[in-house]
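> Okay, sequence plus prediction incoming.
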Amino acid sequence: MKFKLAKLELQLIKGDISAQTDIEAVVNAANAQLKTGGGVAGAIHRAAGPELEEACRDLAPIQVGEAVITSAFKLPNQYVIHTLGPVYGEDKPEAELLARCYQNSLHLVEECQLKSVAFPAISTGAFAYPIKEAAQISLKTIKEMAADLKKIKLIRFVLYSSKDLEVYKNEAKKILKK
């Protein structure tokens, strides 16, 4: 599913974030130490190879909402943006912190003058953020920022499950008015 926001396109797809061959930067739902983990972080680290964890060593630890960037190594992308999402029910104010993940990631994409980025549903796996709330926050954040994004032409959400994709589609229709 595609949406037009200002001068950029927003896509929602089901897939593997580590296999986005036409995207310049993928976003890793990282842990504070930027190490290989489960879920998105595990998939990205496995696909990128051990050099990714080594490149992250000097950047860790990061704070909730912060974003840092590294090379993508063996991934089909140029860069990986690592952001630490909030643990639902623990990190407060969780909605603001989750929005900051998207804001800070997009600022890095702009700074690096990249045209495309792919996001997972940050914090919705092991960090237990409810998918509907996470979709609302991420989509509203991107909608609010769209007019100020000068370099980015494509933002893609890569959702792991059909259920998550349906939630994102439903929320996008309301928030983005398609």
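All right, it came through fine. Given the structure is predicted, the values throughout are model-derived calculations rather than measurements.
> Just give the nearest non-adjacent residue to the residue nearest the centre of the chain, would you?
When Cα atoms, centre = their mean is applied to the chain, the residue found nearest the centroid is Phe119 (2.9 Å). Leaving aside its sequence neighbours, Phe119 sits nearest to Val27 (Cβ to Cβ, 6 or more residues apart in numbering; 4.7 Å). Quick note: C-beta positions are derived from backbone N, CA and C, even for glycine.
> Run a quick neighbour tally on the one you found.
30 (other Cβ atoms under 10 Å).
> Could you say which helix or strand holds it?
Element membership for Val27, per DSSP states H and E: strand 25-29.
> Output that strand in PDB, but only the C-alpha positions, please.
Extracted in PDB, the C-alpha atoms of strand 25-29 (Å, rounded to 0.1, in the frame of the first residue of the first chain):
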ATOM      1  CA  ALA A  25      19.200   2.700   4.900                       C
ATOM      2  CA  VAL A  26      17.400   0.200   7.100                       C
ATOM      3  CA  VAL A  27      16.500   1.000  10.700                       C
ATOM      4  CA  ASN A  28      17.400  -1.500  13.300                       C
ATOM      5  CA  ALA A  29      15.200  -1.800  16.400                       C
END
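> What average pLDDT does it get?
For strand 25-29, mean pLDDT is 97.
> other SSEs contacting it?
helix 39-48, strand 79-83, helix 94-111, strand 116-119 (3 or more Cβ pairs under 8 Å, 6 or more residues apart in numbering; DSSP states H and E).
> what's that strand in contact with?
Here strand 25-29 makes contact (Cβ atoms under 8 Å, 6 or more residues apart in numbering) with 17-18, 20, 39-41, 44-45, 67, 69, 72, 75, 77-83, 85, 105, 108-109, 112, 114, 116-123, 125, 127, 158.
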